[in-house]
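Participant: Need the 3D shape of this:
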Amino acid sequence: MFVEAIERVDQFTRPIHFIARYYGGTDIIPGTGTLFFVNENGFAVTCRHVAQQILHANQIYENYLKFKGELRRFERDPGYETQRQFLEAKYKITAETPIRILSNFINCVDGYKSLTIHLHPTQDLAIVRFRDYGAKLYQGFAHFLKDSRQVKQGRYLCRLGYPFPEFTNYKLNKATNDIEWIKEGRIHTPSFPIDGIITRHIGENDGTVSIEMSTPGLRGQSGGPLFDRNGLIYGMQSATRHLHLGFDQVNREVITEGRRKRVSNYPFLNVGQCVHVDVIKNFLREKKIDFYEADQIG
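Facilitator: Predicted coordinates:
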């Protein structure tokens, strides 16, 4: 059903690779996000929460360097541990705090010199503009649904993104004690589609802002397009909602592997949440960015 649509959408949908290091550990944690291009001039859209990781990366690292700089003064101090705890509180650093985040845009454009990012004030949406680049590495661009009255309950749609980080081109540089991208290893992560039907519209005071899907969006698919069998864009994957079903089983006796056991289960239905096509188009209009609409493709 979606074979040709995925081939079409895949031409302008791209992964964002992230690597992160946390204060409480030595591991390098890979992650992914997704963006898709809306015109031929290097403009793309993604989720606000994805774009914020890019925007805040330098601030996070600078905060850690200031912490480290102050802590270094107490290396030979008998009260080192007390000072360390004081500075951790001052700089709001815990074991779960990222101290370094690096991002890498894969097959978007060649040799861009800067980025401009616009964050939507209320919705999980951002516009990314690549500036002063060489060649485009994407082909085509999104065509958005012109008549949003077609966003109907029960319509069968697909999402495309990069939820499983399989790239390995990174390492910890022991000389600098910092993480970095390298030329060795796997540099690509395969795309992953997931289908579903529209279940509900999610509204706020100013109207419908999101589309709920019967299947969850996967981690890393955030920022990926929501489209029909012709590749026409209906929205953008944003989040997963967890709906409590109320079928709780508490301390229930079951037989498993020949033994009686007491188990509890609190089931949830995981559904996808996508930014509505009208929200995306209105934000592009507000920023005076060219985009394309269609009633159908092909």
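
Participant: could you pull out the helices for the stretch 51-200 of the chain?
Facilitator: All helices of the stretch 51-200 of the chain, identified by DSSP state H, counting those that start in this stretch, fall at 80-90.

Participant: Point out where this structure drops to low pLDDT.
Facilitator: Within the chain, the stretches with pLDDT under 70 are 206, 297-298.

Participant: separation between V128 and A95?
Facilitator: 31 Å (Cβ to Cβ, to the nearest Å). For glycine as for every other residue, the C-beta is placed from the backbone atoms N, C-alpha and C.

Participant: Apologies, that question was intended for T46.
Facilitator: 29 Å.

Participant: Name the residue in the two with the higher neighbour count.
Facilitator: T46 (26 against 9; other Cβ atoms under 10 Å).

Participant: Give me the phi and psi angles of that one.
Facilitator: Main-chain dihedrals, T46, degrees, to the nearest 10: phi -150, psi -170.

Participant: In contact with it, which residues?
Facilitator: I16, G33, T34, L35, F36, A126, V128, S222, G223, M236 (Cβ atoms under 8 Å, 6 or more residues apart in numbering).

Participant: How much space separates the last one from R8?
Facilitator: Between M236 and R8 the distance, using Cβ to Cβ, works out to 16 Å.

Participant: Those two: who's more crowded?
Facilitator: Of the pair M236 and R8, M236 is the one with more neighbours under other Cβ under 10 Å, namely 33 against 21.

Participant: Correct me if wrong: that one contacts P225.
Facilitator: Yes. In this structure, M236 is within contact of P225 by Cβ atoms under 8 Å, at 6.1 Å.

Participant: Break down the stretch 101-250 of the chain into its strands, ranges please.
Facilitator: Here the stretch 101-250 of the chain has its strands, by DSSP state E, counting those that start in this stretch, at 114-119, 126-131, 143-145, 156-161, 170-173, 178-181, 192-204, 207-213, 225-227, 233-244, 249-256.
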